[in-house]
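**Student:** A predicted structure for the sequence below; I have some questions about it.
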Amino acid sequence: MNNILSFFQESSERVEHFLDNRLINSSVFTAKLNEGMRYSLFAGGKRLRPALVYASYGLFSDDYDYVTPFAAAIEVLHTYSLIHDDLPAMDNDDMRRGKPSNHVAFGEAEAILAGDALLTKAFEIMSDYTCAPNIPADIRVKAIYKLALAAGDLGMVGGQFADINAEGKKPTVELVEYIHKNKTSALIECAVYLGAVAGGANDKQLENLISFGKYAGLAFQVVDDILDITSSSDVLGKNVQKDINSHKATYPAVYSLEGAKSKAEQYIHKACRSLDSFGDKAETLLSIAKFITERKS
């Protein structure tokens, strides 16, 4: 476990150094906007998605600086989603990563704009030739397209929409799996894809890595649902019991708590089997899969 935590730390430091130089305020009129963006972006967290970009890319190369713009972009986009998820009109959470949520700290309108700015910043980074001049244009376009799919109505936004509209209704297995495949798994799958496509993976390798990302993402969400019931606010850094109180469509709601634990194990087993063809090279990705199921926050 210590090795993978070190990998997370190294990934985080690499991405944060890149972003610290990228998010520089350019005007006195937008200073508060920049502060709000940085407030959430540098609030800590696991940096799981950048780590997955690096781990996937690491199957093909160890020149991590090459793929850092992709790793940074997906973390920026993920942070936007957290800001908007916490809004009163969405999940109405007033705490994130042990700190007041962005809208609590800066105001609701300001939080919406900070999220909007981070969303567009992600694509600015991905498309900026000066960030990674050695990444071929066709690879860059594929990566941007995949990120757009994962973030929009066919991915994260679609999942959030279904999640909100499911509140208070009796959930079904199909509904829960649709929500979490799109709301959570899509971006995790995308992180794995970004590293793989930047590394030059062939079609079969991409297929296997996308499968890993899909099932690892679903396992991550199942564990999230479980921790909302079994953990505490002090440990998670956010409010707990929110899913139950809001009558959310979750895995424990349709499978029971023990059934959800079993489902997480099934998903992570499928994720790990997807990596069989990579042999020992997949050690870091396998360690991340183990972390996903054993994490406490």
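**Tutor:** Received it, and whenever you're ready, just let me know what you need.

**Student:** roughly how far does residue 81 sit from residue 155?
**Tutor:** As judged by C-beta to C-beta, to the nearest Å, residue 81 and residue 155 stand 10 Å apart. In this view, the C-beta of every residue, glycine as well, is placed from N, C-alpha and C.

**Student:** strands along this protein, start to end?
**Tutor:** Using DSSP state E, the strands of the chain run over residues 95-96, 99-100.

**Student:** export the ones you listed to TSV and append columns for mean neighbour count and mean pLDDT.
**Tutor:** As requested, the strands of the chain are arranged in TSV below (neighbours: other C-beta atoms under 10 Å; pLDDT from 0 to 100):
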stretch	mean neighbour count	mean pLDDT
strand 95-96	20	94
strand 99-100	14	96
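
**Student:** which other helices and strands does the longest helix anywhere in the chain contact?
**Tutor:** Counting residues, the longest helix found in the chain (DSSP state H) is helix 203-230. Packing partners of helix 203-230 (3 or more C-beta pairs under 8 Å, 6 or more residues apart in numbering; DSSP states H and E): helix 48-57, helix 173-180, helix 186-199, helix 242-245, helix 251-255, helix 257-273, helix 283-294.

**Student:** and of those helices, who's closest to residue 98?
**Tutor:** Closest of these to residue 98 is helix 242-245, at 15.6 Å (criterion: C-beta to C-beta).

**Student:** buried residues, that closest one. List them.
**Tutor:** residue 243 (16 or more other C-beta atoms under 10 Å).

**Student:** let's see it as CSV, backbone CA atoms only.
**Tutor:** The C-alpha atoms that make up helix 242-245 are tabulated as CSV, following Å, rounded to 0.1, in the frame of the first residue of the first chain:
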residue,chain,number,x,y,z
LYS,A,242,-26.6,12.0,2.4
ASP,A,243,-27.6,9.3,0.0
ILE,A,244,-30.1,7.8,2.4
ASN,A,245,-31.5,11.1,3.5
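
**Student:** I'd assumed residue 118 was in contact with residue 151.
**Tutor:** No. Applying C-beta atoms under 8 Å as the test, residue 151 and residue 118 come out as separate, 11.3 Å apart.

**Student:** between the two, which contacts overlap?
**Tutor:** By C-beta atoms under 8 Å, 6 or more residues apart in numbering, residue 151 and residue 118 have these common neighbours: residue 77.
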